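Enquirer: what's the 3D shape of this:
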Amino acid sequence: MSLYSPGIDTEEQAALRDSVASLLNRKADSTAVRAATRAPERYDHALWSTLCEQIGVAALIIPEQFDGVGASLTEAHVVLEELGRHLAPVPMLGSAVLATSALLLTGDDEACAATLPTLASGEKIAALCWANAAGWRETGVLAGGGILSGTAHYVLDGESADILLVLAKSGGLVTLHQVDANADGVTRVANPTMDPTRPLATITFDDVDAVTIPTPSGIEDSLRAIAFVALSAEQVGAARAALDLTVEYTKSRKQFGRVIGSFQALKHRMADMYALTETAHSISYAAVDALVTKAPDALELADSARVYCSEAFSHIAGETIQLHGGIGITWEHDAQLFFKHAHGSAQLFGQPRYSLERLARAAGL
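Expert: Numbering: from 1, shown residues only. The predicted model follows:
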């Protein structure tokens with residue numbers, strides 16, 4: 001009988017976490033992160049290459065038959081949490097989780113064999129084109145006769161992707177299509193974002209030829225659950241980092257002749273931050289475990305993780321700013337980066353109220 005519990009690393013997962021954390025501590029300090037966000041494609045090429053070559057993060061959820069590691073979303077979850085700690089601007093969420101999952105969900109071996117090996121090696125990056133201007137509830141692209149037209153909004157890593165996987169409306173259904181990102185008729189525009197560590201793009205398709213991949217019904221719901229749960233791992237890691245940053249600051253900042261961390265009121269606030277971080281960690285890992293084991297309540301847990309982790313991280317980031325005082329809102333300090341990341345992430349993949357509506361319906365309310 002396995003002694004594994006959600007949120008408790010197995011020996012292999014602990015080794016993976018240590019490897020990723022060690023590499024990020026060396027390669028993804030605040031200076032490197034800020035430099036990457038100012039690069040033309042707004043992500044750290046060198047860090048992503050190192051993560052793929054030395055640890056194989058892009059290959060984690062890809063089956064061995066497609067040159068992957070054959071692990072699960074849980075292992076990707078571990079990596080995403082560590083990346084969240086550093087706000088590392090790499091295409092793990094957009095390419096190695098979402099786009100890769102979209103291909104895997106189709107169950108089309110031919111399409112997977114043609115594309116996944118290059119994604120597993122990190123040689124190429126894929127982006128999932130999904131949302132319309134109003135958000136992720138509807139796709140913004142139409143498909144007819146293998147031709148795509150329309151606009152996909154808020155595309156993660158869209159400006160740097162080599163391959164575009166497009167969810168499009170086709171005859172009242174949602175189907176998946178693959179396009180070369182540099183094909184004729186494809187226009188990519190980088191979006192200005194509040195969170196500099198989260199590059200988003202708008203991609204327009206003007207009668208673009210595409211490869212249509214047989215798509216099972218309900219792929220949107222499955223992808224939405226994967227997106228929510230994967231994002232929650234990032235949020236947990238970033239929340240932990242914001243808490244650590246706050247604790248260290250209150251140990252050194254003095255007021256009235258005492259370090260402010262000794263004040264009882266501030267101790268209580270940081271204890272609340274810690275409790276929120278731990279509970280967010282628990283629900284995030286319970287949600288990914290439900291997805292991996294195909295539990296009947298997996299979709300509900302994904303929505304729960306999405307709401308709870310978004311609210312927890314936003315609260316912790318706000319407290320981080322408050323407990324740092326004036327320095328917390330300066331451009332030079334990292335506290336403002338966590339604050340922006342928290343509020344940007346809370347709106348990614350749609351507003352949390354839609355998850356609350358689904359949870360209410362599931363509860364019969």
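Enquirer: mind checking the longest helix of the protein?
Expert: The residue-count maximum for a helix in the chain (DSSP state H) belongs to helix 219-252.
Enquirer: I'd like the average pLDDT over it.
Expert: In this model, helix 219-252 has a mean pLDDT of 92.
Enquirer: can you give me the strands in the chain?
Expert: Shown for the chain, the strands assigned by DSSP state E span residues 126-129, 131-132, 135-139, 141-144, 147-156, 163-170, 173-180, 186-191, 200-209, 211-213, 254-255, 258-259.
Enquirer: output those in CSV, with mean neighbour count and distance to residue 272 appended to each entry.
Expert: The C-beta positions use only the backbone N, C-alpha and C, and glycine is treated the same way. Output for those, formatted as CSV (neighbours: other C-beta atoms under 10 Å; distance: least, C-beta to C-beta, whole Å):
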stretch, mean neighbour count, distance to residue 272
strand 126-129, 28, 36
strand 131-132, 20, 34
strand 135-139, 17, 31
strand 141-144, 20, 44
strand 147-156, 22, 32
strand 163-170, 24, 40
strand 173-180, 19, 42
strand 186-191, 15, 34
strand 200-209, 20, 32
strand 211-213, 17, 47
strand 254-255, 10, 21
strand 258-259, 12, 19
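Enquirer: now the longest helix of the chain and strand 147-156, what's the angle there?
Expert: Helix 219-252 and strand 147-156 are oriented at 20 degrees to each other (axes from the mean of the first three to the mean of the last three C-alpha atoms, to 10 degrees).
Enquirer: that older thread, which stretch among the strands of the chain comes nearest residue 90?
Expert: Residue 90 sits nearest to strand 147-156 of all those, at 11.2 Å, using C-beta to C-beta.
Enquirer: chain center to that closest one, what's the gap?
Expert: Between the centre of strand 147-156 and the centre of its chain there are 19 Å (C-alpha atoms, centre = their mean, to the nearest Å).
Enquirer: residues in contact with it?
Expert: With contacts defined as C-beta atoms under 8 Å, 6 or more residues apart in numbering, strand 147-156 is touched by 91, 93-94, 98, 127-133, 135-136, 139-142, 158, 161, 166, 168, 177, 179, 191, 198-210, 348.
Enquirer: ok, back up a step: report the buried residues of the longest helix of the chain.
Expert: Within helix 219-252, the residues that count as buried by 16 or more other C-beta atoms under 10 Å are 219-220, 222-243, 245-246, 249-250.
Enquirer: quick one: that helix to strand 173-180, angle?
Expert: Going by the same axes, to 10 degrees, helix 219-252 is angled at 70 degrees with respect to strand 173-180.
Enquirer: now helix 219-252, how far from the chain's geometric center?
Expert: In terms of C-alpha atoms, centre = their mean, the gap separating the centre of helix 219-252 from the centre of its chain is 9 Å.
Enquirer: likewise stretch 350-365?
Expert: In terms of C-alpha atoms, centre = their mean, the centre of stretch 350-365 is found 21 Å from the chain centre.
Enquirer: how about the CA coordinates for that stretch, as PDB?
Expert: Output in PDB follows, covering the C-alpha atoms of stretch 350-365 (Å, rounded to 0.1, in the frame of the first residue of the first chain):
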ATOM      1  CA  GLY A 350     -11.100  33.800 -16.500                       C
ATOM      2  CA  GLN A 351     -12.500  35.500 -13.500                       C
ATOM      3  CA  PRO A 352     -12.800  33.400 -10.300                       C
ATOM      4  CA  ARG A 353     -16.500  34.100 -10.100                       C
ATOM      5  CA  TYR A 354     -17.100  31.700 -13.000                       C
ATOM      6  CA  SER A 355     -15.500  28.900 -10.900                       C
ATOM      7  CA  LEU A 356     -17.800  29.900  -8.000                       C
ATOM      8  CA  GLU A 357     -20.800  29.600 -10.300                       C
ATOM      9  CA  ARG A 358     -19.800  26.100 -11.300                       C
ATOM     10  CA  LEU A 359     -19.100  25.100  -7.700                       C
ATOM     11  CA  ALA A 360     -22.600  26.400  -6.700                       C
ATOM     12  CA  ARG A 361     -24.200  24.400  -9.500                       C
ATOM     13  CA  ALA A 362     -22.300  21.300  -8.500                       C
ATOM     14  CA  ALA A 363     -23.500  21.800  -4.900                       C
ATOM     15  CA  GLY A 364     -27.100  22.200  -6.100                       C
ATOM     16  CA  LEU A 365     -27.300  25.800  -5.000                       C
END
